[in-house]
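Asker: here are the coordinates; sequence isn't available:
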């Protein structure tokens, strides 16, 4: 397990107290690590174009609420409401490279009530934190990265964010092109509806002030468009993977959205249908003359966040976080992001030093040779960072120290459980 004690025991041979201090109480800044990652991403010419920001969240189940941000809330990974902590993250992808460039801990609204006041203090929740929805946190991160000058062509996000028309409008106001998944019951118009102020129904009454659709035209759910007679389907090879070509059916439609009190907004709708017949729906604010092939390719970019999270959890230990303090969470996320960016940098250097051999690809009968993986980088690291071998005496000293710490922890808990006697 990648807890503080085991990491230190395997890497440095001590009992983990220094590492625990470094993670839980040391005042170094987690956001400063993200700031440095963003600065370094701006340097390689290969990342200047074709990069995508991906807004997503990751839930980690917890045994109780005495962990920073833990509460009964929806756990997307498990598909149910459970006690968990949710991280909202902004990842970065360009071809075969992916990294994490920003992150915020989602604190449910109940955490800012009087019932959680003591818990907020004990866990070190910053005093300036106020309740913000996941959508608000996501928009804040996008604005931060954009202001920093990190190059990206568009933002991809799932339906949690894409369903919010105000969020999409805010991205458009920031001149951010997006590819946002939306739920199947999202309502759209197939032609631009007339919108204006409806006339008064009589001489009496107040003058109408809210914009409304003035025609009898009714919106349709996006899932109904899959069966619409004017919807044309095209089978597309999405991308080449190590398991072969990823192939799906796609349909592209021009649609309009009318948010409450606003003028119609034109967007592209890309419907993707897999081999089982299930459909996903993505809205894009790309220009009117965007080729259909580009719209389809952009609608598939969100999958790279799954690669980022998989590497972070499977190879780097993001999902094995056990500390309770907010600062420890901040530090752990920052170091996870730093490790991901180190792997991405290693991939860039490896590709420059060892370009893929087309002759070998032909011999192996593949179109593209596989790229360096995070697991490969871990093996390379083991070669240059050999783990220390403990002598029997050192091992005994570590065990004794560990037992003493456990005894002290038990003693501390017992003292805290002793109730003061009633003086009356």
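Answerer: Cool, the structure landed. As the structure is a prediction and not an experimental result, all values here were calculated from the model.
Asker: residue contacts, the spatially most central residue of the chain?
Answerer: For the chain, the residue nearest the mean C-alpha position is residue 56 (3.0 Å; CA atoms, centre = their mean). The neighbours of residue 56, taking CB atoms under 8 Å, 6 or more residues apart in numbering as the test, are 88-89, 91, 157-158, 302, 305, 309. (Each C-beta comes from the backbone N, C-alpha and C, glycine too.)
Asker: Apply 7 Å and report the result again.
Answerer: Residue 56 makes contacts with 89, 91, 158, 305, as judged by CB atoms under 7 Å, 6 or more residues apart in numbering.
Asker: for the stretch 51-200 of the chain, what spans make up the strands?
Answerer: Applying DSSP state E, counting those that start in this stretch to the stretch 51-200 of the chain gives strands spanning 52-61, 71-75, 80-94, 97-106, 154-157, 178-182, 187-188, 195-196.
Asker: on that earlier part again, with residue 302 as the reference, measure out to the residue nearest to the centre of the chain.
Answerer: Relative to residue 302, residue 56 is positioned 8 Å away (criterion: CB to CB, to the nearest Å).
Asker: what touches both of the two?
Answerer: Any residue near both residue 56 and residue 302 by CB under 7 Å, 6+ apart counts here, and that gives residue 158.
Asker: for the stretch 51-200 of the chain, which spans come out with low pLDDT?
Answerer: Low-confidence regions of the stretch 51-200 of the chain, defined here as pLDDT under 70, cover residues 196-200.
Asker: between the longest helix belonging to the chain and strand 97-106, how big is the angle?
Answerer: Ranked by residue count, the top helix of the chain under DSSP state H comes out as helix 326-353. Here the directions of helix 326-353 and strand 97-106 differ by 170 degrees (axes from the mean of the first three to the mean of the last three CA atoms, to 10 degrees).
Asker: For helix 326-353, buried residues please.
Answerer: Of the residues in helix 326-353, those with enough neighbours to count as buried (16 or more other CB atoms under 10 Å) are 326-348, 351.
Asker: Now do that helix: which elements does it pack against?
Answerer: helix 17-24, helix 30-41, strand 97-106, helix 303-314, helix 374-384 (3 or more CB pairs under 7 Å, 6 or more residues apart in numbering; DSSP states H and E).
Asker: Quick check: which of those is buried the most?
Answerer: Mean neighbour counts were compared across the helices and strands packed on helix 326-353 using mean count of other CB atoms under 10 Å; the top stretch is strand 97-106, at a mean of 24.
Asker: can you count the residues close to the closest residue to residue 151 other than its chain neighbours?
Answerer: The shortest distance from residue 151 to any non-neighbouring residue, by CB to CB, 6 or more residues apart in numbering, is to residue 48 (5.2 Å). One way to gauge burial is a neighbour count; for residue 48, by other CB atoms under 10 Å, it gives 11.
Asker: Same question for residue 365.
Answerer: The criterion is other CB under 10 Å. On that basis, residue 365 has 6 neighbouring residues.
Asker: same thing with residue 255?
Answerer: Residue 255 has 22 neighbours, counted by other CB under 10 Å.
Asker: next structured bit after the strand or helix carrying it?
Answerer: For residue 255, the host element (DSSP states H and E) is strand 244-257. Next along the chain after strand 244-257, taking DSSP H and E as the criterion, comes strand 265-273.
Asker: Show me what counts as buried in that next one.
Answerer: 265, 267-273.
Asker: what does stretch 52-72 give?
Answerer: Under the neighbour-count rule (16+ other CB under 10 Å), stretch 52-72 has 52-60, 62, 65, 67-71 buried.
Asker: tell me which of the residues you listed is nearest to residue 152?
Answerer: Distance to residue 152, by CB to CB, is smallest for residue 53 among those, at 4.7 Å.
Asker: and the closest one, what is it in contact with?
Answerer: Counting by CB under 7 Å, 6+ apart, the residues that residue 53 touches are 90, 92, 142, 145, 152, 155.
Asker: Output the contacting helices and strands for the strand holding residue 255.
Answerer: In terms of contacts (3+ CB pairs under 7 Å, 6+ apart), strand 244-257 is packed against strand 187-188, strand 234-241, strand 265-273, helix 292-299.
Asker: closest one to residue 39 among these?
Answerer: If you check each of the helices and strands packed on strand 244-257 against residue 39 by CB to CB, helix 292-299 wins as the nearest, at 26.4 Å.
Asker: before we move on, back to that, may I see the buried residues of strand 265-273 organised as a markdown table, with pLDDT added?
Answerer: Putting the buried residues of strand 265-273 into a markdown table (pLDDT from 0 to 100) gives the following:
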| residue | pLDDT |
| --- | --- |
| 265 | 85 |
| 267 | 94 |
| 268 | 96 |
| 269 | 96 |
| 270 | 96 |
| 271 | 96 |
| 272 | 95 |
| 273 | 93 |
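Asker: Contact partners for residue 58?
Answerer: Taking CB under 7 Å, 6+ apart as the criterion, residue 58 is in contact with 87, 89, 309.
Asker: cool, residue 401 as well?
Answerer: Applying CB under 7 Å, 6+ apart, one finds that residue 401 lies in contact with residue 15.
Asker: please redo it, this time with the cut-off set to 10 Å
Answerer: Under the criterion of CB atoms under 10 Å, 6 or more residues apart in numbering, the contact list for residue 401 reads 14-17.
Asker: Mark which of the residues you listed are buried, thanks.
Answerer: The neighbour-count test (16+ other CB under 10 Å) marks 14-16 as buried among those.
Asker: Out of those residues, which is nearest to residue 279?
Answerer: Nearest to residue 279 among the buried ones among the contacts of residue 401, counting by CB to CB, is residue 16 at 49.4 Å.
Asker: Fine, thanks again, bye for now.
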